[in-house]
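Asker: Got a predicted structure here, sequence first:
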Amino acid sequence: MKIKARVKFISQDKTQFFPVLKQRVDEYFETNKLSKHANASMVFKTFILLAGYIVPFICLLQFQVSFPESLLLWTIMGISVAGIGMSVMHDANHSAYSSNEKINSLVGHTLNLAGGSVFNWKLQHNILHHTYTNISGMDEDIQDRLVLKFSPHSKVKWYHKFQPFYVFFFMEC
């Protein structure tokens, strides 16, 4: 990724954005008597998603299934691993799944089940993405990939007008 310019952040003593935001978020949870960590439905979702990934995987290894059955099992695994990555693992690696860091670490390592690396994710997501969130040319999460355009600041190519039609076929790139 080509870095176009250096980013200069306002020093924390000159901006009240983060302290005010944190205070408002804390007040919201306190006022509504909500936990900042996973509730029973999140734990249930975790078990369902893990089962949706592991059970079809075991079936594919253990039984001789037909091609249509294997497609169904792969689909279930794909949806489940996406759910693990977008909610369960993500929250745990941000230390938001539990107040217990050992549980966060254990649940965060579900990324490794899908072939990922917790160490790499924490580096790329927590440091690179959150330091330069949505800054074109610096945040890898909005870097264009193949024929997909993610930033309004990147160069528009002729095929991007068709992106709403083909985006779903390339989202794992």
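Answerer: Yep, it's here.

Asker: how is this structure carved up into domains?
Answerer: For the chain, automatic domain parsing gives the domain ranges 14-131, 140-173.

Asker: Can you flag the weakest of those by average pLDDT?
Answerer: With a mean of 82, domain 140-173 has the lowest mean pLDDT of those.

Asker: Against residue 70, how distant is the residue lying farthest from the centre of the chain?
Answerer: Distance from the C-alpha centroid of the chain peaks at residue 64, with 33.1 Å (C-alpha atoms, centre = their mean). Taking C-beta to C-beta, to the nearest Å as the measure, residue 64 falls 10 Å from residue 70. No exception for glycine: its C-beta is placed from N, CA and C like everyone else's.

Asker: what's the burial count for the nearest residue in space to residue 149 that is not next to it in sequence?
Answerer: Leaving aside its chain neighbours, residue 149 sits nearest to residue 160 (4.8 Å; criterion: C-beta to C-beta, 6 or more residues apart in numbering). Residues lying near residue 160 (other C-beta atoms under 10 Å) number 14.

Asker: right, and residue 160 touches residue 150 too?
Answerer: No - look at residue 160 against residue 150 with C-beta atoms under 8 Å: they stay out of range, at 10.5 Å.

Asker: just to revisit the earlier point, secondary structure element for the residue farthest from the centre of the chain?
Answerer: According to DSSP states H and E, residue 64 maps onto no helix or strand at all.

Asker: do you know how far it is from residue 56?
Answerer: Residue 64 is 14 Å from residue 56, where distance means C-beta to C-beta.

Asker: Over to residue 150?
Answerer: 30 Å.

Asker: of these two, who's got more company?
Answerer: Ranked by neighbour count (other C-beta under 10 Å), residue 150 and residue 56 place residue 56 first, with 21 against 15.

Asker: which strands and helices sit next to the helix or strand where the more buried one lies?
Answerer: In this structure, residue 56 sits in helix 40-62 according to DSSP H and E. Applying 3 or more C-beta pairs under 8 Å, 6 or more residues apart in numbering; DSSP states H and E, we find helix 40-62 packed against helix 67-83, helix 110-113.
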